[in-house]
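1. predicted model follows, preceded by the sequence.
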Amino acid sequence: MSESPSSADALVDHALAVREQGEFDQALRDLQAALQIEPDHVQAAGELAITLGQTGQLQASLDVLNEAIDRRPDDPWLLTNRAIAFGLSGDFDDSITDFDLAVKLDPKDPVLIASRAETKRAMGNLKEAAEDFTTALQLDPSLIGVLVGRGEVFRAAGDYDMAIADFNVVISRDPHDPEAFACRGEVHRIQERWEEAIADFTQALSIDPGYESALMSRGITYRQSGRLDDAMEDFTRLIESFSESPAALAARGETYRQQNQYQSALTDFDRAIALDPEDGVVFAGRGETYRRMYEFELALEDFNRALSMDDQDGWIIARRGETFRQLDRCDEALADFDRAIVLDPDDKWALSARGETYQKMGRFLEAAADLEKGGGR
């Protein structure tokens with residue numbers, strides 16, 4: 001039998017080896033023992049914090065890092081690990097403070113700068129995130145993951161040409177990267193370039209048949225482009241081959257609704273809500289199904305529940321307004337349509353619906369103006 005490691009370095013090496021095999025408890029014991037032998041061992045402290053984070057013990061991870069940084073306040077690796085731990089716990093301001101200190105100490109580390117970019121992206125600071133990703137790529141142009149990250153930032157910022165350019169570079173370097181195809185497909189989908197989007201999602205799935213999000217995105221693209229049978233096939237495959245996730249069930253329920261198969265739609269929405277009763281989008285989807293079935297009171301219950309979770313969703317507000325209109329509750333309908341149009345002045349559906357409400361109330365000049373802008377439904 002081989003002897004157990006006794007030095008701090010040997011314990012750290014052993015911990016990393018067993019952690020790689022999924023033996024987290026043994027890794028934790030080894031790293032704690034290493035710190036007992038050598039309390040200032042930077043790698044032991046950092047790896048202990050990482051392992052605690054991997055096992056969901058974020059506060060314990062932060063405690064270890066706080067103590068280690070008190071001992072070594074100028075160690076960029078420890079600061080980076082604490083920045084990541086702060087980010088995972090949702091404390092983005094402290095995360096950026098640590099990243100800034102680490103970058104000041106080590107301004108030539110592209111991975112460090114890219115990690116700061118990821119945090120800025122999570123905070124919604126897209127311009128600064130793109131700048132950090134660009135700096136990281138200037139330091140090391142070979143970092144494919146950084147190109148993907150920057151492309152995603154460009155997509156979120158609405159700079160679709162730049163996003164496509166980054167994903168094209170990734171694909172040219174590694175034509176077997178399914179994520180790059182899926183990311184590019186998502187940009188094509190947003191641009192309503194349906195065939196290109198479907199081709200990209202299909203390529204991603206040919207590389208990785210287990211790529212669930214690509215299958216979901218392809219199904220959504222099929223549905224948005226009117227290919228409802230293809231969409232149904234993808235959503236059913238997603239549910240049967242992977243899991244009954246609320247998102248997949250709701251997506252199939254929406255497809256059933258568009259096919260006027262309302263009972264099947266309700267079945268899927270009900271199952272999705274049972275799995276996640278806090279998803280307002282699913283309640284909205286079921287509410288719209290009830291509205292199409294003329295079950296107006298049930299529809300209002302679902303729309304109200306959805307809006308209690310997100311009161312700034314113009315689509316839900318407009319559909320509740322339409323339910324009020326169908327119930328001849330025109331004042332309430334107008335209030336909802338007004339809100340929806342404030343949120344999206346170009347929402348032709350809401351404009352037309354408000355026009356029809358004005359018409360129902362005998363306010364014909366206002367009706368004509370809205371119906372002309374909306375173009376009818």
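-> All right, it came through fine.
2. below-threshold pLDDT in the chain: ranges please.
-> 1-6, 376-377 (pLDDT under 70).
3. now the residue most central in space within it: how far from D313?
-> Residue closest to the average C-alpha location in the chain (Cα atoms, centre = their mean): A122, at 9.9 Å. As defined by Cβ to Cβ, to the nearest Å, A122 lies at a distance of 22 Å from D313. Placement of C-beta: from N, CA and C, glycine included.
4. could you do L147 as well?
-> 33 Å.
5. higher neighbour count, those two?
-> L147 (22 against 18; other Cβ atoms under 10 Å).
6. from R82, how far out is Q32?
-> Remark: distance between Q32 and R82 (Cβ to Cβ) = 18 Å.
7. if we can go back for a sec, who's in contact with the residue nearest to the centre of the chain?
-> G87, F92 (Cβ atoms under 8 Å, 6 or more residues apart in numbering).
8. ranges for the helices of the stretch 151-300 of the chain?
-> 160-173, 178-190, 194-207, 212-224, 228-241, 246-258, 262-275, 280-292, 296-309 (DSSP state H, counting those that start in this stretch).
9. repeat for the stretch 1-150 of the chain
-> Under the criterion DSSP H, counting those that start in this stretch, the stretch 1-150 of the chain contains helices at 8-20, 24-37, 42-54, 58-71, 76-88, 92-105, 110-123, 126-139, 144-156.
10. off-centre distance for the third one?
-> What that stands for is helix 42-54. Relative to its chain's centre, helix 42-54 lies at 27 Å (Cα atoms, centre = their mean, to the nearest Å).
11. and for stretch 212-223?
-> Distance, centroid of stretch 212-223 to centroid of chain: 15 Å (Cα atoms, centre = their mean).
12. buried stuff in that stretch?
-> E212, A214, L215, M216, S217, R218, G219, I220, T221, Y222, R223 (16 or more other Cβ atoms under 10 Å).
13. about what we covered before: neighbour count winner among Q32 and R82?
-> R82 (26 against 15).
14. that one and E67 touch, don't they?
-> No - contact criterion Cβ atoms under 8 Å: R82 and E67 do not qualify, at 10.8 Å.
15. A197: how many residues sit nearby?
-> A197: 26 neighbours (other Cβ under 10 Å).
16. just give the closest residue to it, not the sequence neighbours.
-> For A197, ignoring the flanking residues on the chain, the nearest one in space by Cβ to Cβ, 6 or more residues apart in numbering is H188 at 3.7 Å.
17. please tell me how far that neighbour sits from E128.
-> Taking Cβ to Cβ, one finds H188 at 27 Å from E128.
18. neighbour-wise, which of the two wins?
-> Using other Cβ under 10 Å as the criterion, H188 and E128 rank with H188 on top: 21 against 17.
19. tell me the contacts of H41?
-> So H41 contacts A8, V12, A34, L35 (Cβ under 8 Å, 6+ apart).
20. next: F181.
-> F167, I171, D200, F201, Q203, A204, I207, A214.
21. could you rerun that using 7 Å?
-> I171, D200, Q203, A204 (Cβ atoms under 7 Å, 6 or more residues apart in numbering).
22. check R82 too.
-> With contact set as Cβ under 7 Å, 6+ apart, R82 has these partners: L62, L65, I69, D98.
23. top of these by neighbour count?
-> Per-residue neighbour counts (other Cβ under 10 Å) across those peak at L65, which has 27 neighbours.
24. contacting residues for it?
-> With Cβ under 7 Å, 6+ apart, L65 has these contacts: A49, L78, N81, R82, A85.
25. apply 8 Å and report the result again.
-> Taking Cβ under 8 Å, 6+ apart as the test, what L65 contacts is A45, G46, A49, L78, N81, R82, A85.
26. wait, the fifth one touches G46, no?
-> In other words, N81. Yes - if you go by Cβ under 8 Å, N81 and G46 touch, sitting 5.2 Å apart.
27. next, the buried residues of stretch 172-186.
-> Counting neighbours by 16+ other Cβ under 10 Å, stretch 172-186 gives D177, P178, E179, A180, F181, A182, C183, R184, G185, E186 as buried.
28. and for stretch 20-31?
-> Those would be A27, L28, D30, L31, for stretch 20-31 by 16+ other Cβ under 10 Å.
29. then stretch 134-141?
-> Buried residues in stretch 134-141, defined by neighbour count with 16+ other Cβ under 10 Å: T135, A136, L137, L139.
30. and the closest residue to the third one other than its chain neighbours, how many residues sit next to it?
-> If I follow you right, that is L137. Using Cβ to Cβ, 6+ apart and skipping residues adjacent in sequence, the residue nearest L137 is V146, 5.6 Å away. For V146, the count of nearby residues is 27 (other Cβ under 10 Å).
31. just checking, V146 touches F133?
-> Yes - between V146 and F133 a contact is recorded at 5.6 Å, counting by Cβ under 8 Å.
32. which residues do the two both contact?
-> Contact criterion Cβ under 8 Å, 6+ apart; residues shared by V146 and F133: A114, A117.
33. for H176, list the residues it contacts.
-> I207.
34. what separation do you get for it and E128?
-> 32 Å.
35. neighbour count winner among N81 and G46?
-> N81 (27 against 22).
36. what residues are up against the more buried one?
-> G46, A49, I50, L65.
37. I'd like the distance between it and L215.
-> 35 Å.
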